[in-house]
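# Have a look; sequence and predicted model below, questions after that.
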Amino acid sequence: MAESIDLDGNQTLVEALPALHNPRARRLRSLVWNDFTKKQKLDGNYEAICNHCAKKFTANSRSGTTHLRNHLNFCLSTRRTDGRKRGKKQLIALKSTRINNYDKDGHGGSQFDQEVSRQDLSRMIILHEYPLEIIKQIGFQTFIRNLQPRFKLVSEEMIMNDCLKIYENGRSRLSELLETLPCRVGLTMDRWGSNYGAEYLCLTCHFVDNDWKLQRKMLNLLHFEAPPTAEDIFEGIMEKLHDWKISRKLSCMGSDQCVSDQVAADNLLLKFLRSTDSLHLNGDLFLFHGLVHVLDVVAQESMVQILQISERVRSCVIFVKSSHEKLKRFQNAAMLADAPKKNLVLDVSSNWRSTYLMIATVYEFQNAFKNLAEYDSDFSFALTDVEWGDVKSVKECLETFDHMIKKFSGIRVPTANYYFIDICGILLLLNSWSSGPVSIIAKLASQMLKGFKPFWDANIMVLAIASILDPRYKMKSVEYFFKNIYIGDYEAKIKVESIFSSLRNLYGEYVVHSANSKSDQALLCYTSGNSGCLVLECGTSGDSHSSSHITLSDTRRGLDQYLQQTLSSQSIKSDFDLYLEEPVYIYKDGPDDSFNVLAWWKLNAAKYPILSLVARDILPIPLGNVTTRIEDRPLSQYLNSLNPLALQSMVCAQDWLRGEMEANVEEVECSTNNIVVKL
């Protein structure tokens, strides 16, 4: 027997020889050997070692490969590798709708498609608002010619037609979805201005789809040549609601505009929909305003209360920035004070957030300004210690509003349950500040309360109901905060009971609607006739006929009938009562804002069949931010040049395409996360 010589600490010469010197070794033809390594043991037999988990199996010639294939089907390492490949393919698919193969000469391969490429070009123009004239630009033509010589550029008119087709196809899909949607939709309105005098009203719908995912889709961009009246807005909205066939599916309507015409239009719409008896709780939950906009307006209107201290701070900044020499002296003072290395900010008085940023930055340079006052006789704007205390208090107060606005604007899945606790916290802080010892903060908070209270009174019901529908809190959050907000246990109890009663009434409306929807279905039941024989009743018309032949099945049906009769006398809890009586859901998988309440209701819809319908209509209400995705920029010059119909088509198609891309990104991220979890 050959001597065994250690080669590398793992393999011996005996193990290595068969693969290197055995001329009779059979070629391994089975594909299974791509995942296994065949080796000869010291006793002359062969073994197969899995390349993924290192598990060993017999590999003699009579053993076959079936057992090896079976192992691969259950090998965790193999599934993990396949998962990585799938995730990589999905990421590649996001970057391009297709992959063009090219031959060695650089010409397009067989996968090139002129029509698909035209669609890609149209989608690109829609998404990025490129003017149609781009196809005439020499740089773009050169780029296309070098990228794909076989692609033929078409006229601007044909490209526009392609864009309109994309809009029409998207509109058709969305219309079908809304028409067949079993739940209600929320509607938000956002008024857009134009540099050319025209005004637009953007309508956006919000709903939970059949996969329990929150959807936000732009419906229309209504065009008005002049500032619209309340009647103009009302008629325009009603026309579009009928076009989309959702006039009786509305759950709520929100707007960030507080102008008189908009308010009047809101009231007209509410009055009309109430007359059709299509609103829940007679429309008590119908109108709302976005929290982000309300907080922004409240803060801006309260800045007059800190005008004196903000002007003092502004004077300090203006002095430092008035000349290069003064800036240099301030930088030296900042260096001595070990101040942060950042620039001072000069605010725009009409924007409270810029004033807040100025005050917050100046406060960080407090010691630097004190040093500057000591050795610079020109600096006559030095703040006293009392004023620096006011600067700190104002900074902390405005910081709370700034933080809340950023938080509400950044929620990834902005369901309505996320806002109640923070809004209650803001109200508690304002109440505390308004009666506190710091005079300037007391005045500021009192002014904020004047603007905040009307919003609280108008929206507290929907805020509280949404929080109750969060399984982590249920009634607990409402009970706790109302005890702290309202004076006396009796008032708090009355407020809690009012919210609970409204939710129970809302639930009752869903019960009635569910029962009515089932009453149209054919019913089969068995009752006992006067003669003691079983009588079969079919349908809902009350017609019946006696059966002359009693079967064993009929006797069983008699038992079913008896169970039905006795069931009515038993105490049956509704899913509403069951939900509230069960303990709150303890979420330990991450921060609170990572909890997906829609995913929870999707998993528990069968357990709470009626209450889940309520949750599906309440949770998508966009209480945080009403405005659309492109609210922070005016219409581009190119979009302004389009006629109203083309403008609506391009803007809506852009919104839909972006929504599809975001959904694809979320799907890939979800898939990637699942792969990581499996690891």
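All right, it came through fine.
# which residues are contacting stretch 325-337?
Contacting residues not belonging to stretch 325-337 are listed as 319-321, 365, 367-372, 375-376, 378 [Cβ atoms under 8 Å, 6 or more residues apart in numbering]. Quick note: C-beta positions are derived from backbone N, CA and C, even for glycine.
# Let me know the closest of the residues you listed to residue 292.
Nearest to residue 292 among these is residue 365, at 30.0 Å by Cβ to Cβ.
# now the closest one: how far from residue 400?
For residue 365, the distance to residue 400 (Cβ to Cβ, to the nearest Å) stands at 22 Å.
# got it, and residue 654?
In terms of Cβ to Cβ, residue 654 sits 35 Å off from residue 400.
# mind listing what residue 287 touches?
Contacts of residue 287 by Cβ under 8 Å, 6+ apart are 252-254, 266, 270, 458.
# Worst mean pLDDT across the helices and strands of the chain, which element?
Using mean pLDDT, DSSP states H and E, strand 524-528 stands out as the lowest-scoring helix or strand of the chain, at a mean of 36.
# so how many other residues sit close to residue 439?
10 (other Cβ atoms under 10 Å).
# Tell me the pLDDT of it.
Note on residue 439: pLDDT of 95.
# List the residues that contact the residue nearest to residue 224 when sequence neighbours are not counted.
Closest residue in space to residue 224, ignoring its immediate chain neighbours: residue 199 at 4.6 Å, by Cβ to Cβ, 6 or more residues apart in numbering. Counting by Cβ under 8 Å, 6+ apart, residue 199 touches 191-193, 223-224, 226-228.
# Ramachandran coordinates for residue 199?
Note on residue 199: its backbone torsions stand at phi -120, psi 150 [degrees, to the nearest 10].
# follow-up on the earlier one: and the contacts of residue 199, which is closest to residue 453?
Closest to residue 453, out of all of the contacts of residue 199 and judged by Cβ to Cβ, is residue 191, at 25.2 Å.
# re the thing from before, least confident pick among the contacts of residue 287?
Taking those together, the minimum pLDDT is found at residue 266 (82).
# what's the burial count for that residue?
Neighbours of residue 266 using other Cβ under 10 Å come to 22.
# Mind telling me what element it is part of?
Using DSSP states H and E, residue 266 sits within helix 260-275.
# what helices or strands is that helix leaning on?
helix 230-244, strand 250-255 (3 or more Cβ pairs under 8 Å, 6 or more residues apart in numbering; DSSP states H and E).
# helix/strand/coil for residue 57?
Secondary structure, DSSP: H, G, I helix; E, B strand; the rest coil: residue 57 is strand.
# Please tell me how far it sits from residue 30.
Relative to residue 30, and taking Cβ to Cβ, residue 57 is found at 13 Å.
# Just want to know which of the two has more residues nearby.
Using other Cβ under 10 Å as the criterion, residue 57 and residue 30 rank with residue 57 on top: 16 against 11.
# how about the closest residue to that one other than its chain neighbours, what does it touch?
Once flanking residues are discounted, residue 57 sits nearest to residue 48: 4.7 Å by Cβ to Cβ, 6+ apart. By Cβ under 8 Å, 6+ apart, the contact list for residue 48 reads 33, 36-38, 56-59, 68.
# so which of those comes closest to residue 147?
residue 33 (41.9 Å).
# In this structure residue 187 contacts residue 253, no?
Yes. Using Cβ atoms under 8 Å, residue 187 is in contact with residue 253, at 4.8 Å.
# So what touches the helix or strand residue 72 falls within?
Using DSSP H and E, the element containing residue 72 is helix 66-74. With Cβ under 8 Å, 6+ apart as the contact definition, helix 66-74 has outside contacts at 32, 35-36, 48, 50, 55, 57-59, 78.
# Can you say which of those are buried?
Among the contacts of helix 66-74, those classed as buried by 16 or more other Cβ atoms under 10 Å are 32, 35-36, 48, 50, 57, 59, 78.
# can you redo the residues you listed as JSON lines with pLDDT, distance to residue 579 and secondary structure?
Below are these laid out as JSON lines (pLDDT from 0 to 100; distance: Cβ to Cβ, whole Å; DSSP: H, G, I helix; E, B strand; the rest coil):
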{"residue": "32", "pLDDT": "78", "distance to residue 579": "53", "secondary structure": "helix"}
{"residue": "35", "pLDDT": "84", "distance to residue 579": "50", "secondary structure": "coil"}
{"residue": "36", "pLDDT": "84", "distance to residue 579": "53", "secondary structure": "strand"}
{"residue": "48", "pLDDT": "88", "distance to residue 579": "55", "secondary structure": "strand"}
{"residue": "50", "pLDDT": "88", "distance to residue 579": "49", "secondary structure": "strand"}
{"residue": "57", "pLDDT": "84", "distance to residue 579": "53", "secondary structure": "strand"}
{"residue": "59", "pLDDT": "84", "distance to residue 579": "58", "secondary structure": "coil"}
{"residue": "78", "pLDDT": "49", "distance to residue 579": "43", "secondary structure": "helix"}
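# Pick the one among those residues closest to residue 408.
Taking Cβ to Cβ as the measure, residue 408 sits nearest to residue 78 out of the buried ones among the contacts of helix 66-74, at 45.1 Å.
# Quick check: bridge partners of the residue nearest to residue 57?
residue 38, residue 57 (DSSP bridges).
# Show me the contact partners of the helix holding residue 266.
The contact list for helix 260-275 (Cβ under 8 Å, 6+ apart) reads 189, 191, 227-231, 233-234, 237-238, 247, 250, 253, 255, 279, 282-283, 286-287.
# and residue 180, what pLDDT?
pLDDT, residue 180: 93.
# Could you tell me how far it is located from residue 290?
With Cβ to Cβ as the criterion, residue 180 and residue 290 are 29 Å apart.
# which of those two has more neighbours?
Neighbours were counted for residue 180 and for residue 290 using other Cβ under 10 Å; residue 290 has more, 23 against 8.
# ok, the host helix or strand of residue 207: who's next to it in the sheet?
Per DSSP H and E: residue 207 is located in strand 199-208. Strand 199-208 pairs in its sheet with strand 185-193 (antiparallel), strand 214-224 (antiparallel), by DSSP bridges.
# and the angle for the shortest one with strand 250-255?
Just to be clear, that refers to strand 185-193. 20 degrees (axes from the mean of the first three to the mean of the last three Cα atoms, to 10 degrees).
# buried stuff in strand 185-193?
Those buried within strand 185-193 under the rule 16+ other Cβ under 10 Å are 185-192.
# Show me the contact partners of that strand.
By Cβ under 8 Å, 6+ apart, strand 185-193 touches 178, 199-207, 221, 237, 241, 246, 249-257, 262, 290, 620-622, 626-628, 631, 634-635.
# Mind checking which of these are buried?
178, 199-207, 221, 237, 241, 246, 249-257, 262, 290, 620-622, 626-628, 635.
# Name the helix or strand for residue 158, please.
Per DSSP H and E: helix 156-180 holds residue 158.
# Going by neighbour count, list what's buried in that helix.
So, applying 16+ other Cβ under 10 Å, buried residues of helix 156-180: 159-160, 162-164, 166-167, 170-171, 174, 178.
# Can I get the residues you listed in TSV including distance to residue 149?
Converted to TSV, those look like this (distance: Cβ to Cβ, whole Å):
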residue	distance to residue 149
159	20
160	25
162	21
163	25
164	28
166	26
167	30
170	31
171	35
174	37
178	44
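# one step back: for the buried ones among the contacts of helix 66-74, name the two members farthest from one another.
Top of the distance list for the buried ones among the contacts of helix 66-74 (Cβ to Cβ): 59 and 78, 18.0 Å.
# In a helix, residue 247, correct?
No. Under three-state DSSP, residue 247 falls outside any helix and is assigned coil.
# Done for today, thanks.
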